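Asks: Sharing a model that was predicted from the sequence below.
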There are 2 protein chains.
Amino acid sequence: MVELRRNRRLAKGVSIAGVGIAQFGAFPAKTTRDIFSEAVQDLLNRSEYGLNISDIQCGYIGNFSADRFEGQAHLGSILSDWIGLTPTPFTRVENGCASSGSALREGVMAIASGLYDIVLVGGVEKMTSVPTMEATDNLASVADSLYEVPAGFTFPGIYASVAKAHMDRYETNLEHLMKVSIKNHHNGSLNPKAQFNMPLEELMQQRIDWAKERSAEIPHWNDANEFLNDLMANPWIAWPLRLFDCAPITDGAACALLVSSDLSRHFTDTPVNIIGIGQATGRPLHDAEDLTSFGATRSASKEAYDMAGINPNQIQLAEVHDCFTIAEIIAMEDLGLFTPGDASRAVDDGRTSLNGELPINTSGGLKAKGHPVGASGVAQAAEVFLQLSGKAELRQVQQKGLNLALSQSVGGAGGTSVVTIYERG
Amino acid sequence: MVELRRNRRLAKGVSIAGVGIAQFGAFPAKTTRDIFSEAVQDLLNRSEYGLNISDIQCGYIGNFSADRFEGQAHLGSILSDWIGLTPTPFTRVENGCASSGSALREGVMAIASGLYDIVLVGGVEKMTSVPTMEATDNLASVADSLYEVPAGFTFPGIYASVAKAHMDRYETNLEHLMKVSIKNHHNGSLNPKAQFNMPLEELMQQRIDWAKERSAEIPHWNDANEFLNDLMANPWIAWPLRLFDCAPITDGAACALLVSSDLSRHFTDTPVNIIGIGQATGRPLHDAEDLTSFGATRSASKEAYDMAGINPNQIQLAEVHDCFTIAEIIAMEDLGLFTPGDASRAVDDGRTSLNGELPINTSGGLKAKGHPVGASGVAQAAEVFLQLSGKAELRQVQQKGLNLALSQSVGGAGGTSVVTIYERG
């Protein structure tokens, strides 16, 4: 057999030269193409040197299932028409909830291949067109349809199993999970594009007003802790996960302009270089060796760190895939940012808060920013770009010398993981 | 604005070093993962120098909609587990019926990017798990779900419009369409993996036996022409398209091993180099400027010819996307293989027959080999590999100096087109 060369170096440098984000939320009157167009328009509006759609040479769209949510497959073609990009090639990538994490990776390779210099990568999902239960069923198709779904598993149950296993093995408790949620909701309150762009106090007040309108018993909560410990405000979804441990159902889109690094200053004064990217698959949870860790994240992050030539302890900011609060905790461990069992304590100590030593999910994360599943991977890249280029406004991390960041996008319960490492250009 | 470099050259040569094909047909007892595994097993069985699954560094799977056909999304992760590839990255690509044509392109770029040397590209579709009408509805999601499907269009109607427009503008007639079908069924009769691996005479006999069993009037046909002109044997589907103008609903899979060209001889004595690849989008048919031609194919083929540095008249063999007979005719024209209006005559004259001057769809094409939509693009590449490497057995083209071939994969009615050019290595 041939001796493999596993150098894993890009033949050409790739940078992010701009990003666009649609408002995240629930928009019954909008279609997938409307929402994606809004993200592309935002990219054009933010463009410093007059980007035109026709400058783009190739595109990728991460989308989990517009075919099931909206009866529209073949989204690359449909969206390219809608944003005026025809005949530029545009390809849909689907890896469950990591779809646009993977779309980003395809865009990076398209440039490194030598074929293109300017590539649009995006992600979109329009999920509120169906009732929540149907959305949950659609999402279950990301799990194993032969061995998990027929046994009654949907994702809250799958991640509840992960949470229970983690609580058994380490000292993780319900309080730790809640603190992930409180942190991410705080960050979301500073992000105008977030689905929950409000502090938890405002969510509490909404719930009180809701009760008043219905002449229901008026709830009383003194603070976010009391609110999140109340069964009415925060019911069990699948023990040990409560409502506020789960990312919401969201309509949303995001996009990023990838360019050859040698051209990046023609597009922006603040490019962000992609210095490492790795992707890996993991066995379905029913067949996994360990419920408290995703092998795919460990493999993907090793590939990304090796490519970047850095160690996990050099990472200064991370956006991780917190589809459930427990997912943020195991991501912190699988990425090597904290030792197994220490992530819960780090959250507890505020070490991952906006101005902690390693801010995590400054955007609000999937939990508060929202989780339009096909869009989440690129939305993470957009947040990293804004933070590293000093454009994150209210939620700008104040850390001096902020230079290296990471994003991690997960499909299913670790079936796919994509890890990307960014450096200020 | 930056001045764009549109050199469109791969940073690194890419070759096909092996292919695998599952039996095409209708297999009620098989799942998507079974069918894909069969294709991968075929690749391993044909391997000349002992390929191991663990040699593969990255993978792509073209699939249109296992989520709708089988309730299984996130197919990259599921299939990688099933064939023992975990944790190797494996990504699903969906561009309608061009899904694995696009997967092939991603594989080419993954190698050219410098990240990988050995990449598996595959395609799979399991379509017979739902009734035919539901399959047709699922396929309609490849068209425009806002402007075409609500007007009553499914693909037979869409391609019937294309056929009618072509008949109006040129001298194309029903006889020409039928001759595409006769040619492709003849080729399919020589391809043991084809869904219709039988001459039309055998299909005629099957129909006669069917009538006998039901005490229906026994049909009499003297030859394939009479058979295909008979309304009982070959009813109208959407005028001017009849049953035998339409590719069937098929379960099937195919895969190809892509490697860095400098390594190809470690895997096979007969590599085939990919010297040009282009992809483009086209506007949906309801919004197209011309019904008799797909702009996406013209754009994609220009990109591919430019990259290969050849002219269309150098192509010696082609596999084109004959989802309907008319689609083969317009592909011949859009690819520049024949001038507009001349393709019908070329078929009539036998110029595209197995031993004509430019054999087209030697595999039997989508029409006779079958059209498991997500698999068709890579299945075309597999046929080209077999022909250029002299391994096509009964249907081996006898042309001396057979060296350059082309494949064209279409999503929808020209929403996406992928054109690949191959040279014997």
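Replies: Cool, got the structure.
Asks: can you give me the helices for the stretch 301-425 of chain A?
Replies: Under the criterion DSSP state H, counting those that start in this stretch, helices of the stretch 301-425 of chain A are mapped to A:325-334, A:343-348, A:365-369, A:376-388.
Asks: Next up, the contacts around the residue nearest the centre of chain A.
Replies: For chain A, the residue sitting closest to the mean C-alpha position, by Cα atoms, centre = their mean, is residue A:376 at 3.6 Å. Contacts for residue A:376 were tallied using Cβ atoms under 8 Å, 6 or more residues apart in numbering or on different chains; they are A:97, A:100, A:101, A:123, A:321, A:366, A:409. Placement of C-beta: from N, CA and C, glycine included.
Asks: how far does the helix or strand harbouring the second one sit from the chain's center?
Replies: Under the criterion of DSSP states H and E, residue A:100 resides in helix A:99-112. Averaged C-alpha coordinates place helix A:99-112 at 15 Å from its chain's average position (Cα atoms, centre = their mean, to the nearest Å).
Asks: mind putting the helices of the stretch 301-425 of chain A in TSV, distance to residue B:267 and mean pLDDT included?
Replies: Rendered in TSV, the data for the helices of the stretch 301-425 of chain A read as follows (distance: least, Cβ to Cβ, whole Å; pLDDT from 0 to 100):
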stretch	distance to residue B:267	mean pLDDT
helix A:325-334	34	98
helix A:343-348	44	97
helix A:365-369	42	98
helix A:376-388	33	98
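Asks: could you dump the ones you listed to JSON lines with distance to residue A:91?
Replies: Below are the helices of the stretch 301-425 of chain A laid out as JSON lines (distance: least, Cβ to Cβ, whole Å):
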{"stretch": "helix A:325-334", "distance to residue A:91": "27"}
{"stretch": "helix A:343-348", "distance to residue A:91": "36"}
{"stretch": "helix A:365-369", "distance to residue A:91": "24"}
{"stretch": "helix A:376-388", "distance to residue A:91": "14"}
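Asks: Out of those, which gets nearest to residue A:77?
Replies: Minimum separation from residue A:77 across the helices of the stretch 301-425 of chain A (Cβ to Cβ) falls at helix A:376-388, 19.2 Å.
Asks: what is the orientation angle of that closest one with helix A:99-112?
Replies: 70 degrees (axes from the mean of the first three to the mean of the last three Cα atoms, to 10 degrees).
Asks: Now tabulate the contacts of residue A:376 in JSON lines and tack on neighbour count and distance to chain B.
Replies: Output for the contacts of residue A:376, formatted as JSON lines (neighbours: other Cβ atoms under 10 Å in any protein chain shown; distance: Cβ to the nearest Cβ, whole Å):
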{"residue": "A:97", "neighbour count": "33", "distance to chain B": "8"}
{"residue": "A:100", "neighbour count": "39", "distance to chain B": "12"}
{"residue": "A:101", "neighbour count": "35", "distance to chain B": "10"}
{"residue": "A:123", "neighbour count": "36", "distance to chain B": "14"}
{"residue": "A:321", "neighbour count": "30", "distance to chain B": "14"}
{"residue": "A:366", "neighbour count": "31", "distance to chain B": "17"}
{"residue": "A:409", "neighbour count": "37", "distance to chain B": "12"}
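Asks: if we can go back for a sec, can you tell me how far the residue nearest to the centre of chain A is from chain B?
Replies: Separation of residue A:376 from chain B (Cβ to the nearest Cβ, to the nearest Å): 14 Å.
Asks: Could you do residue A:402 as well?
Replies: For residue A:402, the distance to chain B - Cβ to the nearest Cβ - is 27 Å.
Asks: list the contacts for that residue?
Replies: Residues touching residue A:402, when contacts are defined by Cβ under 8 Å, 6+ apart, comprise A:316, A:317, A:387, A:388, A:424.
Asks: The last one reaches residue A:388, doesn't it?
Replies: Yes - contact between residue A:424 and residue A:388 holds when scored by Cβ atoms under 8 Å: they sit 4.6 Å apart.
Asks: Comparing these two, which residue is more hemmed in?
Replies: Neighbours per residue (other Cβ atoms under 10 Å in any protein chain shown) separate residue A:424 from residue A:388, with residue A:388 holding more: 25 against 18.
Asks: need the strands for chain A, in chain order.
Replies: With strands called from DSSP state E, chain A shows them at A:14-21, A:58-62, A:90-94, A:118-125, A:236-238, A:241-242, A:252-260, A:272-281, A:317-319, A:404-411, A:416-424.
Asks: Residue numbers of the stretch 301-425 of chain A in contact with chain B?
Replies: A:411, A:412, A:415, A:416 (Cβ under 8 Å from any Cβ of the partner chain).
Asks: Grab the two from the residues you listed that are most spread out in space.
Replies: When those are compared pair by pair using Cβ to Cβ, the maximum separation belongs to A:412 and A:416, at 6.8 Å.
Asks: Let's see the pLDDT reported for residue A:217.
Replies: At residue A:217 the predicted local distance difference test score is 87.
Asks: hang on, isn't it packed against residue A:211?
Replies: Yes - with the criterion set as Cβ under 8 Å, residue A:217 and residue A:211 qualify as a contacting pair; they are 6.6 Å apart.
Asks: sorry, back to before: residue A:412 and residue A:416 - which one has more neighbours?
Replies: Between residue A:412 and residue A:416, counting by other Cβ under 10 Å, residue A:416 is the more crowded of the two (34 against 31).
Asks: Tell me the predicted confidence for the more buried one.
Replies: 98.
Asks: what do you get for residue A:199?
Replies: Reported pLDDT at residue A:199 in the predicted model: 87.
Asks: One more: the one 4 residues further on?
Replies: Confidence per residue is given as pLDDT, and for residue A:203 that number is 88.
Asks: Please tell me how far it sits from chain B.
Replies: As for residue A:203, its distance to chain B is 31 Å (criterion: Cβ to the nearest Cβ).
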